[in-house]
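> need a 3D model of the following:
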Amino acid sequence: MKNKSTIQLAIFTVLACFTLLPGARAVNPAPDGCYHNFTTAEGCNALENLTTGAGNTGLGWRALFTDTTGNFNTGVGAGALVLTNADSNTAVGVAALLLNTSGTQNTAVGTNALVFNDNGDSNTATGYAALMNNTIGGANTAIGWEALTANTIGINNVALGTLPLSSNTSGNNNTAIGNLALRNNVSNSEHVAVGRLAGSEITTANNNIIIGHHNGVHSTFGQEDNVCYIGNIWGANVDDSNPMAPALLVYVDPDGRLGTLPVAAAGNPGKSSPKEMKPQAIPDAAEQAKLDLKVRKLRATVTQQQQQIETLTAQLQENTAQIQKASAQLGMNEPAAKVVANKP
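Numbering: from 1, shown residues only. From the prediction side, this is the model:
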């Protein structure tokens, strides 16, 4: 992968080639704003202070006004990138990236998008007030009306929809897709929420996966860590439009993979349907999985104990042999018996 300096050199080389082309113009009158270092400026005081910066485009009242040495910036709209002296920022919209000073590689499209960003890098904000309050947070992606609007220092967040993650200020690594998804999360991290209002109840937990809206369904919803919630499953009947179709049980293995297992439905062959399946089929399967795990653990324990018994037996046999050997040696070392005569 080419580094930034190589890419910038290539860009400068290509742009320089265009400056050597014949001066014949296709439009008449010729456009104004033909400035040095591949610069385009149009609007009151746009790029007013530029010195050595190259490849900048400022269109609008004081767009890129403070830029002196920054390169490859594009500011379109009144006040867009007005304080920037960094590189590779794109701002389209009134006050987009207005207060950015040293942040680089940011893209803001929409009125007030990333307006308070100071030195946060690699943010993408598309929509009115998207990432509006971000100051130093980086690598965030916000697409939608006021998406991630309260974020200040949070990093690596993704928000798509109307007001997703709208209260988040410092939470990291969250993904919210859907209107108002994760809207009440402030500082917690590692959530994935998909669907309208998905995860909107979460205030204190971390590392949840939420698919669908669950408002009011569970008393503890959203306040536990490391939990997965999927809506429209509990209490939903299986489609019985085809009564001959085999019933399948959804199974989760220890790695978190989902799959299916065949399950015998109740009733006579040809007359059974998923509707006739016993409600306890899924709990029974889960219980069976637990029992299987216990059996495997017990077998491992028995195997370990058998090995220990065999080791002890071998040691006992060795000790017995040593005792017998020692006894034999003691017998050989005893003095010979003497006969004492009893004289009158």
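> pLDDT weak spots in the chain?
Across the chain, the ranges flagged by pLDDT under 70 are 1-31, 33, 214-222, 237-247, 262-289, 332-344.
> quick one: the strands in it?
Listed in chain order, the strands of the chain (DSSP state E) span 40-42, 57-59, 74-76, 90-92, 107-109, 124-126, 141-143, 158-160, 175-177, 192-194, 209-211, 228-230, 247-252, 258-263.
> would you map the helices across the stretch 201-344 of the chain?
Remark: helices assigned in the stretch 201-344 of the chain by DSSP state H, counting those that start in this stretch are 281-332.
> wait, isn't residue 137 in contact with residue 153?
Yes. Counting by Cβ atoms under 8 Å, residue 137 touches residue 153, with 5.0 Å between them. For every residue, glycine as well, the C-beta is placed using N, CA and C.
> which one of the two has more residues nearby?
More crowded of residue 137 and residue 153, by other Cβ atoms under 10 Å: residue 137, with 27 against 16.
> on that earlier part again, closest one to residue 315 among the strands of the chain?
Shortest distance between residue 315 and those, using Cβ to Cβ, is found for strand 247-252: 45.3 Å.
> can I get that closest one in PDB? Just the C-alpha atoms.
What follows is strand 247-252, C-alpha atoms only, in PDB (Å, rounded to 0.1, in the frame of the first residue of the first chain):
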ATOM      1  CA  ALA A 247     -39.800 -28.900  11.600                       C
ATOM      2  CA  LEU A 248     -36.400 -27.500  12.500                       C
ATOM      3  CA  LEU A 249     -35.000 -26.400  15.700                       C
ATOM      4  CA  VAL A 250     -32.600 -23.400  15.900                       C
ATOM      5  CA  TYR A 251     -29.400 -24.300  17.800                       C
ATOM      6  CA  VAL A 252     -26.600 -22.200  19.100                       C
END
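> any figure for the gap between residue 192 and residue 54?
The gap separating residue 192 from residue 54 is 41 Å, by Cβ to Cβ, to the nearest Å.
> now do the helices in the stretch 1-150 of the chain.
Assigned by DSSP H, counting those that start in this stretch, the helices in the stretch 1-150 of the chain fall at 4-19.
> and residue 37, how many neighbours?
Using other Cβ under 10 Å, the number of residues around residue 37 comes to 14.
> residue contacts, it?
Residue 37 is in contact with 50, 52-56, counting by Cβ atoms under 8 Å, 6 or more residues apart in numbering.
> among these, which one has the most neighbours?
Neighbour count (other Cβ under 10 Å) singles out residue 56 as the most crowded of these, with 27 neighbours.
> need the phi and psi values for that residue.
Phi and psi for residue 56, reported as degrees, to the nearest 10, are phi -100, psi 150.
> give me the nearest residue to it, chain neighbours excluded.
Spatial nearest neighbour of residue 56, excluding adjacent residues (Cβ to Cβ, 6 or more residues apart in numbering): residue 73 at 4.9 Å.
> ok so, going back, using a markdown table, lay out the contacts of residue 37 together with distance to residue 40.
Listed next are those as a markdown table, based on distance: Cβ to Cβ, whole Å:
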| residue | distance to residue 40 |
| --- | --- |
| 50 | 11 |
| 52 | 16 |
| 53 | 12 |
| 54 | 11 |
| 55 | 9 |
| 56 | 8 |
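> nearest to residue 88 among those residues?
Out of the contacts of residue 37, the member with the shortest distance to residue 88 (by Cβ to Cβ) is residue 55, at 9.3 Å.
> residue 51 contacts residue 66, doesn't it?
No. The criterion here is Cβ under 8 Å, and residue 51 misses it with residue 66 at 11.4 Å.
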